[in-house]
Structures are given as structure tokens and as C-alpha cells.
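J.: sequence isn't available, so here's the structure alone:
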């Protein structure tokens, strides 16, 4: 009786069935796996203590392949910085929808920022703790990413000022640097608060964003309507001497 079944493929030695060929991983996917492993190793060990051997092992690739794909340790670290910074900027940008009221845009952007830090703790450690201790070009990578965030917040604050502030008085020039200064303060406060949350224990990102909005937006709204802090110092009262009639002699 004839059988339609095909004979099993034989191995190169002809002694048994051939082993199935391993599926080739696309280069782009393999690079992402290497970056994932590198971020984990850098966050645990720090830049100087991390070894390419450990990163290659965590990536399940050979050390020569790691060098071939992503270059030296410094180049690999810079690639980690670029990717994690892009992820952070994208997350914040997607949350702050342009059609929303300015304060709501800022609240949503801050919530997305704190959510990213909570969900990608290793990324945050690499971006804001490990990277700042390095020299060029790594520090410039971090600075460039930070400038992108500050620029986005500056544009948001400037738009809020145009929408809310009273028209300038005759001869009064708008303070073009104020929006940038406020944006620097907001981003710096968000950085510090994110670190505080990681040190003291997790909390919902919405709650962390509310904490910061309670400080910056309550103070910012009156400023957008023209309020200013009175910077002129008040005169101090003269200290009373022992012969002052108002001093108690009892």
C-alpha cells in the first residue's frame, strides 16, 4: 500500500531528523533587546561598574555581536539615553492634547510624566541619576532631551499667558523670558518630586501630579492675570533700647 507521507528530513550526518533552523531575529528587534538589557544593567550597576560581558549575557547575544550592533560601551549608553528620553517625551506629548484647556494639558502631561517614571524606574535611574554623572557626549544627550521638555512646557505657559493675561499697559514690554523661567521651575520641580516618590514609596501618578499642580498652577494663574510678588523690602523696626519708655522696667 502506497503512503503519501513524506520521509522525515535527515540531519547533515544522515543519522536522524534535522534540527529545525532557529528563526532569525530582525536586526531592529535585536537592537531593542540589547538596549532593554543594557538599561537594566546600567540601572543596577552604574555606568562604570557595568560590563559589556554582562550586557551581552543579559541580551542573549555574543559580545562581538553587541559591539557590532551598538558600538562601544559609551556609544551603547548614549543609545540608551536617546531611546529612553524619546519614550518619555512621546508619552508626555501624547497626553497633553492641544485642544484641551491649558491647565488640563499641563495636568495630563505631568500625570503621564509621573506614570512613565513609575512604570520605567530603570529608565529614570539611567536618565537622571547615572547619566548626569558622565561626561560628554552623554551629558549633552540628556541636556538635549531636557531642552525638548522645557521647550514644550514653555510654549504651554506662553500660550496660557497670552490667553489669560490682561493687555499690556502703554509702553510696557512683555517679559519674554518669564515663560521659559516658569517652565524651568516646573520641569525642575517635576524631576525632584519624581525622585521623592521613588525614595519614599509609590503613589498614583494622578496624585503626584495633583501635588505639583496645587503648588504651581494656584500660584501661576494669578500671575497670568498680572499679579506680582512685591519685591521691595519692608523697613525693619528699630530695636528698642533699655531707656525706651515703651520697654517694661518691671
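T.: Now that the structure is in, tell me what you want to look at. From a predicted model like this one, the values you see are computed outputs, not experimental measurements.
J.: against residue 129, how distant is residue 142?
T.: 11 Å (CB to CB, to the nearest Å). Any C-beta I mention is one placed from the backbone N, CA and C, and that applies to glycine too.
J.: kindly report the same for residue 214.
T.: Distance, residue 214 to residue 129, using CB to CB: 27 Å.
J.: circling back to that earlier point, ok, residue 142 and residue 129, which is more surrounded?
T.: residue 142 (22 against 13; other CB atoms under 10 Å).
J.: which residues of this protein score low on pLDDT?
T.: Low-confidence segments of the chain (pLDDT under 70): 1-23, 132-137, 161-176, 221, 223-250.
J.: now do the helices in it.
T.: In the chain, the helices defined using DSSP state H lie at 27-45, 52-59, 63-70, 73-95, 102-119, 121-125, 138-164, 178-200, 205-224.
J.: tell me the most buried of the ones you listed?
T.: helix 102-119 (a mean of 20; mean count of other CB atoms under 10 Å).
J.: which helices and strands sit right next to that one?
T.: For helix 102-119, the packing partners by 3 or more CB pairs under 8 Å, 6 or more residues apart in numbering; DSSP states H and E come out as helix 73-95, helix 121-125, helix 138-164, helix 178-200, helix 205-224.
J.: in a markdown table: those, plus distance to residue 107.
T.: Converted to a markdown table, those look like this (distance: least, CB to CB, whole Å):
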| stretch | distance to residue 107 |
| --- | --- |
| helix 73-95 | 9 |
| helix 121-125 | 20 |
| helix 138-164 | 11 |
| helix 178-200 | 12 |
| helix 205-224 | 5 |
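J.: which one is the residue nearest to the spatial centre of the chain nearest to, not counting chain neighbours?
T.: The residue lying closest to the centre of the chain (CA atoms, centre = their mean) is residue 88, at 5.1 Å. Excluding the flanking residues, the one nearest residue 88 by CB to CB, 6 or more residues apart in numbering is residue 116, at 5.3 Å.
J.: for residue 46, phi and psi?
T.: The phi and psi values for residue 46, taken as degrees, to the nearest 10, are phi 90, psi 160.
J.: what's the distance between it and residue 72?
T.: 17 Å.
J.: comparing those two, which residue is more hemmed in?
T.: residue 46 (15 against 10).
J.: my guess is that one contacts residue 131, does it?
T.: No. If you go by CB atoms under 8 Å, residue 46 and residue 131 don't touch, sitting 10.7 Å apart.
J.: and residue 30, how far from residue 60?
T.: In terms of CB to CB, residue 30 sits 10 Å off from residue 60.
J.: ah, wrong one, I meant residue 107
T.: For residue 107, the distance to residue 60 - CB to CB - is 41 Å.
J.: swap in residue 36?
T.: For residue 36, the distance to residue 60 - CB to CB - is 11 Å.
J.: again, but for residue 118
T.: 28 Å.
J.: same question for residue 191.
T.: Taken as CB to CB, the span from residue 191 to residue 60 is 34 Å.
J.: not counting sequence-adjacent ones, nearest residue to residue 216?
T.: residue 186 (5.6 Å).
J.: surely that neighbour and residue 153 touch.
T.: Yes. Residue 186 lies in contact with residue 153 (CB under 8 Å); the separation is 5.5 Å.
J.: so what sits against both of those two?
T.: Overlap of the contact sets of residue 186 and residue 153 (by CB atoms under 8 Å, 6 or more residues apart in numbering) consists of residue 106.
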